[in-house]
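Q: below are the sequence and a predicted model for it; my questions follow.
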2 protein chains.
Amino acid sequence: MVLINANFGRLTPSYLFSEVARKIAAFKAQNPGVEVIKLSIGDVTRPICPAAVEALHKAADEISTPEGFHGYGPEQGYAFLTEKIAAHDYNGLNISPDEIFISDGAKSDLGNFGDILSAENRVAVTDPVYPVYVDTNVMAGRHIEYLPCTEANGFNPQLPAVSPDIIYLCYPNNPTGTTLTRSRLKEWVDYALANDALILYDSAYEIFITEPDVPHSIYEIPGAERCAVEFRSFSKTAGFTGLRCGYTVVPKGICGTDANGQTYSLHSLWLRRQTTKFNGASYPIQRAAEAIYSPEGQRQIRENIAYYLNNARLMREGLSALGLKVFGGVNAPYVWVKTPEGISSWEFFDLMLHRCGVACTPGVGFGPAGEGYVRLTAFNTLENTEKAISRLANIFKEN
Amino acid sequence: MVLINANFGRLTPSYLFSEVARKIAAFKAQNPGVEVIKLSIGDVTRPICPAAVEALHKAADEISTPEGFHGYGPEQGYAFLTEKIAAHDYNGLNISPDEIFISDGAKSDLGNFGDILSAENRVAVTDPVYPVYVDTNVMAGRHIEYLPCTEANGFNPQLPAVSPDIIYLCYPNNPTGTTLTRSRLKEWVDYALANDALILYDSAYEIFITEPDVPHSIYEIPGAERCAVEFRSFSKTAGFTGLRCGYTVVPKGICGTDANGQTYSLHSLWLRRQTTKFNGASYPIQRAAEAIYSPEGQRQIRENIAYYLNNARLMREGLSALGLKVFGGVNAPYVWVKTPEGISSWEFFDLMLHRCGVACTPGVGFGPAGEGYVRLTAFNTLENTEKAISRLANIFKEN
């Protein structure tokens, strides 16, 4: 019988979102009159902006004619898109279009990037953490070290004691909604350069950054172009969760080595991986992504971001006023709420659901250091967000 | 420094298509007046059919509204599409919609499927071969055995002497354009069942099948649901090379084992892989794929297939009339042409290019057993195909 990848047997089943869904369904069955407001939504809800919709229509018409038909495109993405990204998202940062690889999304790239790296590498991830970093490395058989992010360290983990080869950083962070300042991110880049480590930097939420001292890209830090790969997505930036488009920046200066000490360019390896195992992102979707770089596109997507950030502000202010300690939500669509003394993540989840009809995500589901927190997202409507806060206020005022 | 996957160092650089392109460019530079006709095109050229274009427009309008917005979809694809595929492509074959996984294309799936399998497995591929099977297994560090497909064995390879764990079969075949009859495919299924091997069956070209004795799906053979995974694509079926959509059928009855003899369902493992490292195919593209299953959609895509098959017929007949030995082209868009006695693949390529201004692909580029052949594709226009044949006729008549 064919041998399976036995590392799959070491994966921890993730019950987080299915357990959240099960509890909500059970509550709804018992309380058919109560409308549950989900502040647990991990997906955007605002529609695709008119500029991108128009580009989709235009591309659909184009490919319906022999002259306008587009078949296989470049596996690494069309220049019309990589050039826009380089000029706009990496303006002044010395990233060239051919260092940008377009894909069907950051989740694919974050998982697939491991293909070019040895299973021997030691990996460090933050705790709490986006589960994809952990699961994809378990699948590859890599050893994983967890770096706790707590209130005490301001959710900015300590530099690792035992030097890892690969470090995943996600800022603005999912799930805590917190960020790294420029000087703090510089410490990580300096650490990676000094210790020959590779940083895989997930900046999927960079468009939510509002504060000036928070870097949008790791390449704002000198030297990062020699030690960091950056993953970005149009999912949260432009609501492309259902359209599927993201990109990965692999500067040509980053190298890895084999066991014999021969060095390889990660850019060349990733290009080889992508040309062999991927056939490019969908043409109309790349045209839609291009459209968000027009002045109208930028205005339109930023209206949606402002809408979500306003929800985040209302949650932060509303919950703080109730005496709850809240983090994040300033540069991110996530608000990380400390549960009241002695109440666990799941107990607080149950309390919010049963007393207020409001769903959140228990922080412990993202890792042990998430115990004692819940995650709220800004992706519901303004009306529902306000209603949820007012329901929480009614309960907490009673107490 | 981060350790790279050292298997990448063992990849053979593929110069085939770049060398073809380089030679064509050099010829054009020397002969600016000659219009080169490319019968080397590996991509479709007919535009997307009206039914699919209409579905794209409809989906674009839908996601522009809050009510119609579609964010993250199921990683394994929407039921509206898997149900159509099960009912249409697997009508009567006992494949259920939840055994069908939608993706961004067969190339991705063929490469990524290795994620769930051990690097210890021995792999068998045909020679000549679609390079993706080889390169993705070299990247994973697997041992590869080649099964020569020659005129002597009718391009149907012998059953392997040393039992492989994984067998790649592609029928209708790229590059030879040949097929397996039902009884011949049954031998492979019986062999896989008897030897506990897994067949990875690439049937990306099944829509080109015109002969009744050629199976469209491996699941037409009893027992295949216990030993075969089937990969399909909308790329050639509906011209989706630029839209990106394919699917993989993983029946629930197929198992693998770990080194301790514990069995695992490949369906469960692939679901885990896809939910962890993929976020579903683009929603509008899945709607476009759905549209090809409507009566108009079917009529429209089959018109394009008939167009290509007519080109293939003209090439077969035209080249046969010139005394050349040709294979394929009856159930496939590829015609496999034997070079005249004593002329190598590249020599015949040069001869066709320099004497006729017609480009082909040297067969040896697909593997050593392809030496002495060239591949022609049916994807050019009717006019160019006719013109190319007439140019070849002028030259070969002279000789």
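A: Noted; the coordinates are in hand. Residues are numbered from 1 along each chain as shown, chains lettered A, B, ... in the order given.
Q: C-alpha only now, for contacts and for neighbours.
A: Will do.
Q: past whichever helix or strand residue A:247 is part of, which element shows up next along the chain?
A: Per DSSP states H and E: residue A:247 is located in strand A:246-249. Next helix or strand after strand A:246-249 toward the C-terminus (DSSP H and E): strand A:255-257.
Q: ok, back up a step: just give me how far the strand holding residue A:247 sits from the chain centre.
A: What separates the centre of strand A:246-249 from the centre of its chain is 12 Å, taken as Cα atoms, centre = their mean, to the nearest Å.
Q: who does it pair up with?
A: Paired neighbours of strand A:246-249 in the sheet (DSSP bridges): strand A:100-103 (antiparallel), strand A:228-233 (antiparallel).
Q: list the buried residues of that strand.
A: For strand A:246-249, burial by neighbour count (16 or more other Cα atoms under 10 Å in any protein chain shown) applies to A:246, A:247, A:248, A:249.
Q: ramachandran angles for the nearest residue to residue A:165 once chain neighbours are set aside?
A: The shortest distance from residue A:165 to any non-neighbouring residue, by Cα to Cα, 6 or more residues apart in numbering or on different chains, is to residue A:197 (4.5 Å). Per-residue torsions, residue A:197: phi -100, psi 160 (degrees, to the nearest 10).
Q: still on that earlier bit, so can I have TSV of the buried residues of strand A:246-249 showing distance to residue A:277 and pLDDT?
A: Listed next are those as TSV, based on distance: Cα to Cα, whole Å; pLDDT from 0 to 100:
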residue	distance to residue A:277	pLDDT
A:246	16	98
A:247	16	98
A:248	16	98
A:249	18	98
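Q: go through those residues and say which is closest to chain B.
A: Taking Cα to the nearest Cα as the measure, residue A:246 is the one of the buried residues of strand A:246-249 closest to chain B, at 11.4 Å.
Q: where does residue A:393 land on pLDDT?
A: What the model reports as pLDDT for residue A:393 is 94.
Q: and residue A:126, by the same measure?
A: pLDDT, residue A:126: 97.
Q: residues in contact with residue A:128?
A: A:148, A:149, A:175, A:176, A:363, A:364, A:366, A:367, A:368, A:369, A:370 (Cα atoms under 8 Å, 6 or more residues apart in numbering or on different chains).
Q: if I pick the last one, what's in contact with it?
A: The neighbours of residue A:370, taking Cα under 8 Å, 6+ apart as the test, are A:127, A:128, A:345, A:362, A:363, A:364.
Q: for the stretch 101-250 of chain A, just list every one of the strands.
A: Ranges of strands in the stretch 101-250 of chain A, per DSSP state E, counting those that start in this stretch, are A:122-127, A:143-148, A:166-170, A:198-202, A:228-233, A:246-249.
Q: tally of neighbours for residue A:67?
A: The local packing of residue A:67 (other Cα atoms under 10 Å in any protein chain shown) involves 11 other residues.
Q: residue A:68 now?
A: Counted with other Cα under 10 Å, residue A:68 comes out at 13.
Q: so it lies in a strand, does it not?
A: No - the assignment for residue A:68 (DSSP: H, G, I helix; E, B strand; the rest coil) gives coil, which keeps it out of a strand.
Q: state the distance from the residue nearest to it when sequence neighbours are not counted to residue B:57.
A: Nearest in space to residue A:68, with sequence neighbours left out and distances taken as Cα to Cα, 6+ apart, is residue A:62 at 4.6 Å. Separation of residue A:62 from residue B:57 (Cα to Cα, to the nearest Å): 12 Å.
Q: and if you look at residue A:256?
A: 45 Å.
Q: buried ones in the helix or strand harbouring residue A:304?
A: In this assignment (DSSP H and E), residue A:304 forms part of helix A:295-321. Neighbour counts over helix A:295-321 (16+ other Cα under 10 Å) mark A:297-298, A:300-302, A:304-305, A:307-316, A:318-319 as buried.
Q: quick one: it near chain B?
A: No - Helix A:295-321 lies out of reach of chain B by Cα under 8 Å from any Cα of the partner chain, never closer than 11.9 Å.
Q: which elements pack onto the very next helix or strand once past that helix?
A: Toward the C-terminus, helix A:295-321 is succeeded by strand A:326-328 as the next helix or strand (DSSP H and E). Applying 3 or more Cα pairs under 8 Å, 6 or more residues apart in numbering or on different chains; DSSP states H and E, we find strand A:326-328 packed against helix A:295-321, strand A:334-338.
Q: tabulate the ones you listed (a markdown table), appending mean pLDDT.
A: Formatted as a markdown table, the helices and strands packed on strand A:326-328 follow (pLDDT from 0 to 100):
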| stretch | mean pLDDT |
| --- | --- |
| helix A:295-321 | 98 |
| strand A:334-338 | 98 |
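Q: so which of those gets nearest residue A:350?
A: strand A:334-338 (14.5 Å; Cα to Cα).
Q: parallel or antiparallel, list what pairs with the closest one.
A: strand A:326-328 (antiparallel), strand A:373-377 (antiparallel).
Q: so how far is the longest one off the chain centroid?
A: This means strand A:373-377. From the chain centre to the centre of strand A:373-377 is a distance of 15 Å (Cα atoms, centre = their mean).
Q: and what of the shortest one?
A: On the basis of Cα atoms, centre = their mean, strand A:326-328 is displaced by 17 Å from the centre of the chain it belongs to.
Q: tell me what the helix or strand hosting residue A:56 is packed against?
A: In this assignment (DSSP H and E), residue A:56 forms part of helix A:50-62. Applying 3+ Cα pairs under 8 Å, 6+ apart, we find helix A:50-62 packed against helix A:283-291, helix A:295-321, helix B:50-62.
Q: next, count neighbours for residue A:18.
A: 10.
Q: nope, residue A:387 is what I meant
A: Residue A:387 has 15 nearby residues by other Cα under 10 Å.
Q: so what's residue A:344 closest to, chain neighbours aside?
A: Excluding its sequence neighbours, the residue lying closest to residue A:344 (Cα to Cα, 6+ apart) is residue A:372, at 5.0 Å.
Q: show me the contacts for that neighbour.
A: Per Cα under 8 Å, 6+ apart, neighbours of residue A:372: A:338, A:339, A:343, A:344, A:345, A:363, A:364.
Q: and the pLDDT for residue A:216?
A: Residue A:216 carries a pLDDT value of 98.
Q: is it true that residue A:391 touches residue A:356?
A: Yes - counting by Cα atoms under 8 Å, residue A:391 does reach residue A:356; the two are 5.5 Å apart.
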